[in-house]
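**Q** Quick one, fold the following:
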Amino acid sequence: MDIDFNKNEDYNKLLLSDLRNRFAQVKLGGGQKRIDKHHEKGKLTARERIDYLLDKKRKSIEIGAFVGDGMYEEHGGCPSGGVVIKMGYVSGKQCIVVANDATVKAGAWFPITGKKNLRAQEIAIENKLPIIYLVDSAGVYLPLQDEIFPDKEHFGRIFRNNAIMSSMGITQIAAVMGSCVAGGAYLPIMSDEALIVDKTGSIFLAGSYLVKAAIGETIDNETLGGATTHCEVSGVTDYKAKDDKDALDTIKRLIDKIGDYDKAGFNRVEAKKPKENPEDIYGILPKSRADQYNMLDIISRLVDNGEYDEYKKGYGQTIITAYARIDGWAVGIVANQRKLVKTKKGEMQFGGVIYNDSADKATRFIANCNQKKIPLVFLQDVTGFMVGSKSEHGGIIKDGAKMVNAVSNSVVPKFTIIIGNSYGAGNYAMCGKAYDPRLIVAWPSAELAVMSGNSAAKVLLQIEKASLLKKGEKITPEKEEELFSKIKNRYDNQVSPYYAASRLWTDAIIDPLDTRTWISMGIEAANHAPIEKPFNMGVLQV
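**A** Down below sits the predicted model:
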């Protein structure tokens, strides 16, 4: 091990330690005091409910743990968007579980809560996975109602998706384990089956205070919309549970009886561990996002037995295209090569940049994987497409468009891992969020932006200087340095993986060693949904 490896390892492990500390804080939701109050009511927290429901000896992954991070601080914050979402196994069947966190503003829906819930439904729809809702919510957060209520991708889309999933035959089960009020009352009742917990669960369009104000009727919430009312009088719910665990046990038995599903038929054999130690990744990945390294060293520590077959190995070398297996699943890997490479003509190409030939190669490979029904894995560490007269005259825009076209029209499931840089159009071509990856995650080393913080700060500094000079202000070297630092610090905050995760541009920030689990569980989920249309790139300038 050389000194650079040790420095990289120390730096990346510090990033990982920061990730774990942040996650430990997020897991507290609205804080320990609110958790204690929740327990005093005889209720489990959202995370406790999910942990009880999921099979203990199977792995699970959490979607959007850092959603809401640093947002809504003037409203007291919204840790995890006030909802916990996991993909895991219930009675041996892979499911999505969505649980309102009532320790965060009584489980009220912030704008980002709606986005996160829609993401859970999107995953269920794409993969035809059963979805379980554990409801405990006070409904829309009224101070921000204009940002959550009326638009296409707002609160109402949830119920539209309930109906769409039902028509698709996707199982939906809801348990009302606390408040379920106003428009939110439709979610459990639009599910296939609904449970309600006695004494703690309630469903109504308007609570007792609003009923009194609206029509003058005096009634308590339990009589108005409690478990006995809805199980024995209105018939709104199907099962009455005595407590949280009883409700969750009932869900386990219901899921246990679901029939098998039609499979997409992705290729899988017995899994093998990587040949080399995956923990080496911490030392291979450089501390500086500008430094070069060999992406093949990362790939060999992610794939089964370290084995991969490169497609067009000597051509378009700033993108690696290779067939491999991850946890037994056959995959096609499209990865940015981050080392300086030399072409057959003796020209040098910068790592992390997409050139004409590499875009052409990636396009052909993506088409091949679609032809052979092989899921695609994108490993992003990309600064963008090559610029300059030589690239422009060579048709880089056309070649880049071909690659974006192939990614857009791909019908096999796609999975994106942002390892390092994810800048500009490189993010798009390498299957960023806008290109419908089934799952997209970032390592703690990731950066997402139009360009790097340093480059962006230089551009913005020139604009700021021009504006100040126009006003007659003198720009000293000290003033210029101060302006640059201020601009760069602001921009650096926006390129952080946590900034992206808080807005759900990625599904999670993960330990690099968990990458295989995310890809494997993602392909297993995708295997629930047979491919229904052929790969077709449409009209294309060749």
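
**Q** Name the residues of stretch 437-456 that are buried.
**A** 437-449, 451-453, 456 (16 or more other CB atoms under 10 Å). Where C-beta positions appear, they are placed from N, C-alpha and C, glycine not excepted.

**Q** Find the residue closest to Ile531 in space, skipping its chain neighbours.
**A** Leaving aside its sequence neighbours, Ile531 sits nearest to Val411 (CB to CB, 6 or more residues apart in numbering; 5.2 Å).

**Q** Hmm, Pro534 and the one you found touching each other?
**A** Yes. Assessed by CB atoms under 8 Å, Val411 is found in contact with Pro534 at 7.1 Å.

**Q** Of the two, give the one with the bigger neighbour count.
**A** Neighbours were counted for Val411 and for Pro534 using other CB atoms under 10 Å; Val411 has more, 13 against 9.

**Q** Tell me how far that one lies from Asp492.
**A** The gap separating Val411 from Asp492 is 38 Å, by CB to CB, to the nearest Å.

**Q** The stretch 351-500 of the chain: strands as residue ranges?
**A** In the stretch 351-500 of the chain, the strands defined using DSSP state E, counting those that start in this stretch lie at 353-354, 376-382, 384-385, 414-423, 439-442, 447-449.

**Q** do you know which of these lies nearest Arg364?
**A** Arg364 lies closest, by CB to CB, to one member of the strands of the stretch 351-500 of the chain: strand 376-382, at 13.1 Å.

**Q** hmm, back to that, turn the strands of the stretch 351-500 of the chain into TSV, including distance to Gly68 and mean pLDDT.
**A** Shown next, in TSV, are those (distance: least, CB to CB, whole Å; pLDDT from 0 to 100):
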stretch	distance to Gly68	mean pLDDT
strand 353-354	33	94
strand 376-382	24	98
strand 384-385	30	90
strand 414-423	20	97
strand 439-442	16	98
strand 447-449	17	91
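
**Q** Export these to a markdown table and append columns for distance to Asn12.
**A** Below are the strands of the stretch 351-500 of the chain laid out as a markdown table (distance: least, CB to CB, whole Å):
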| stretch | distance to Asn12 |
| --- | --- |
| strand 353-354 | 23 |
| strand 376-382 | 14 |
| strand 384-385 | 24 |
| strand 414-423 | 11 |
| strand 439-442 | 13 |
| strand 447-449 | 14 |
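
**Q** right, and those - which one's nearest Ile63?
**A** Closest to Ile63 of the strands of the stretch 351-500 of the chain, according to CB to CB: strand 439-442, at 8.2 Å.

**Q** just checking, what packs against the closest one?
**A** Strand 439-442 is packed against strand 414-423, helix 497-502, strand 508-509, helix 515-526, with contacts defined by 3 or more CB pairs under 8 Å, 6 or more residues apart in numbering; DSSP states H and E.

**Q** Can you say which of the ones you listed is packed in most?
**A** With neighbours taken as mean count of other CB atoms under 10 Å, the helices and strands packed on strand 439-442 reach their highest mean count in strand 414-423, at a mean of 26.

**Q** in stretch 324-331, what counts as buried?
**A** Buried-residue list, stretch 324-331, by 16+ other CB under 10 Å: Ala324, Arg325, Ile326, Asp327, Trp329, Ala330, Val331.

**Q** Can you classify Asp69 by secondary structure?
**A** What DSSP: H, G, I helix; E, B strand; the rest coil gives for Asp69 is coil.

**Q** In the chain, where is pLDDT below threshold?
**A** Per-residue confidence for the chain (pLDDT under 70) gives these ranges: 1, 183, 453, 540-542.

**Q** And the longest helix that it contains, what does it pack against?
**A** Across the chain, the longest stretch assigned as helix under DSSP state H is helix 3-26. Helix 3-26 makes packing contacts with helix 281-284 when contacts are defined by 3+ CB pairs under 8 Å, 6+ apart.

**Q** distance between the helix it packs on and the chain's centre?
**A** 24 Å (CA atoms, centre = their mean, to the nearest Å).

**Q** Buried residues in the helix or strand just after it, which are they?
**A** For helix 281-284, the following helix or strand on the C-terminal side (DSSP states H and E) is helix 295-299. Using 16+ other CB under 10 Å as the test for burial, helix 295-299 gives Met295, Leu296, Asp297, Ile298, Ile299.

**Q** thinking again about what came up before, I'd like to know which of the strands of the stretch 351-500 of the chain is closest to Ile251.
**A** Nearest to Ile251 among the strands of the stretch 351-500 of the chain is strand 439-442 (24.1 Å), distances taken as CB to CB.

**Q** how about that closest one as CSV, C-alpha atoms only?
**A** Output of strand 439-442 as CSV, limited to C-alpha atoms (Å, rounded to 0.1, in the frame of the first residue of the first chain):
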residue,chain,number,x,y,z
LEU,A,439,-32.7,3.0,-8.5
ILE,A,440,-30.1,5.8,-8.3
VAL,A,441,-27.7,6.1,-5.4
ALA,A,442,-24.6,8.1,-4.6
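
**Q** Start the count at 29 instead of 1 going forward.
**A** Shifting the count to begin at 29 puts that one at strand 467-470.

**Q** what does that strand contact?
**A** Strand 467-470 has contacts (CB atoms under 8 Å, 6 or more residues apart in numbering) with 151, 443-446, 450, 459-461, 476, 525, 528-529, 533-538, 543, 546-547, 550.

**Q** List the neighbouring strands of it plus their orientation.
**A** Sheet pairing of strand 467-470 (DSSP bridges) gives strand 442-451 (parallel), strand 536-537 (parallel).

**Q** Tabulate those strands (TSV), appending distance to Pro403.
**A** Below are those laid out as TSV (distance: least, CB to CB, whole Å):
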stretch	distance to Pro403
strand 442-451	7
strand 536-537	18
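
**Q** so which of the ones you listed gets nearest Lys291?
**A** Per CB to CB, nearest to Lys291 of these: strand 442-451, 18.0 Å.

**Q** Hey, what's the angle from that closest one to strand 404-410? Just curious.
**A** Angle, strand 442-451 to strand 404-410, by axes from the mean of the first three to the mean of the last three CA atoms, to 10 degrees: 10 degrees.

**Q** Any chance you could give me strand 442-451 in CSV, C-alpha atoms only?
**A** In CSV, the C-alpha atoms belonging to strand 442-451 read as follows (Å, rounded to 0.1, in the frame of the first residue of the first chain):
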residue,chain,number,x,y,z
LYS,A,442,-31.2,0.6,-15.4
PHE,A,443,-29.3,1.3,-12.2
THR,A,444,-27.1,4.3,-11.5
ILE,A,445,-24.3,4.6,-9.0
ILE,A,446,-22.7,8.1,-8.7
ILE,A,447,-19.2,7.4,-7.5
GLY,A,448,-17.6,10.8,-8.0
ASN,A,449,-18.4,13.6,-10.4
SER,A,450,-21.8,13.9,-12.1
TYR,A,451,-21.5,17.1,-14.1
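
**Q** quick revisit: which one of the strands of the stretch 379-528 of the chain lies nearest to Tyr267?
**A** Across the strands of the stretch 379-528 of the chain, Tyr267 has its closest neighbour in strand 467-470 (32.1 Å, CB to CB).
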